[in-house]
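J.: The sequence isn't on hand, but the structure is:
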Ligand code: GTR
């Protein structure tokens, strides 16, 4: 071998060694997402992933797994908590079973409007929820919109609580929702999101409840053609990162990733507003009967015992409830 050739080879091998060591430093983050690729949350998560790779100059390489392929939401919450997964878009509904303070967000009619929910979550109240999540291994970086959830079913329009009587509804995994449906005179079955379509189709359940985009994207509207605008739950969602992954980062990377999550939330909320309209139009076009509810008061009144039981079991959370209720 000539001298020149061996110097060249030496140089090449050290470039390769450098590339390997740079590669070895990159953290691959696995992200859980329940929704399909074209859903507002999914688009925002993909943007978040790309931004994180860019702002950390490849030190963190996130990948989002859409369509719930990494498991059900309650399982994924556990996985992110114990560091088996690194980040996710979670709804605060199933979170209540693990972080009790977040159950306040699942009290029916706790928020008067989606705008009031955003005002709460973007301010000091949101910080209190973030603190509670942090104690359980989850770093909430920003808050997504999830609109308002309403009941839909295979049988008839719901106008008053009496119409819920005897009907069987799927709810998310949280005991509060079982009580909620109970107080309306119906029966509730906690069930994974992915099982709802088949259960509606085969009559295992009569109905479920969700916002327009989820009602539409899951095709539930094809098998449950009555959507009644009860808007009983307005539940925020987070981009949450596992504390285990978060704690390995420098302060600079943490700040840049937090900013990427805030930017993703801005995009998600814009896309959400558009998709909510488009989903409503799509299901109406497909023949879904949507009914307004002139007077929601009877539904709200029926929730009295849910609040009483909750406050009796969680006296420390009463001030959080009253602070939310007293917001403009
Ligand atoms: C959707 C929400 C999901 C999941 C789902 C459900 O609106 O975005 O995270 O909670 O509802 O009903 O299980």
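T.: Structure received. All of these numbers come straight from a predicted model, not from anything done at the bench.
J.: Could you check how far residue 141 is from residue 251?
T.: To residue 251, residue 141 is 15 Å away according to C-beta to C-beta, to the nearest Å. Every C-beta, even on glycine, is put in place using the N, C-alpha and C of the backbone.
J.: of these two, who's got more company?
T.: Neighbour count, other C-beta atoms under 10 Å: between residue 141 and residue 251, residue 141 has more, with 22 against 7.
J.: show me what contacts the more buried one?
T.: The neighbours of residue 141, taking C-beta atoms under 8 Å, 6 or more residues apart in numbering as the test, are 238, 239, 240, 241, 257, 258, 261, 262.
J.: Which residue comes closest to the residue in the stretch 1-150 of the chain positioned nearest to the ligand once chain neighbours are left out?
T.: Of all residues in the stretch 1-150 of the chain, the one sitting closest to the ligand is residue 91 (3.6 Å; C-beta to the nearest ligand atom). Of all residues not flanking residue 91 in the chain, residue 237 sits nearest, at 4.8 Å (C-beta to C-beta, 6 or more residues apart in numbering).
J.: gap between that neighbour and residue 64?
T.: For residue 237, the distance to residue 64 - C-beta to C-beta - is 14 Å.
J.: same check, this time on residue 240
T.: In terms of C-beta to C-beta, residue 240 sits 13 Å off from residue 64.
J.: Neighbour count for those two, which is higher?
T.: Set residue 240 next to residue 64 and count neighbours by other C-beta under 10 Å: residue 240 wins out with 30 against 23.
J.: what would the contacts of residue 141 look like in JSON lines with distance to residue 325, pLDDT and secondary structure?
T.: JSON lines is the format used below for the contacts of residue 141 (distance: C-beta to C-beta, whole Å; pLDDT from 0 to 100; DSSP: H, G, I helix; E, B strand; the rest coil):
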{"residue": "238", "distance to residue 325": "22", "pLDDT": "98", "secondary structure": "strand"}
{"residue": "239", "distance to residue 325": "27", "pLDDT": "98", "secondary structure": "strand"}
{"residue": "240", "distance to residue 325": "26", "pLDDT": "98", "secondary structure": "strand"}
{"residue": "241", "distance to residue 325": "30", "pLDDT": "98", "secondary structure": "strand"}
{"residue": "257", "distance to residue 325": "33", "pLDDT": "98", "secondary structure": "helix"}
{"residue": "258", "distance to residue 325": "29", "pLDDT": "98", "secondary structure": "helix"}
{"residue": "261", "distance to residue 325": "28", "pLDDT": "98", "secondary structure": "helix"}
{"residue": "262", "distance to residue 325": "27", "pLDDT": "98", "secondary structure": "helix"}
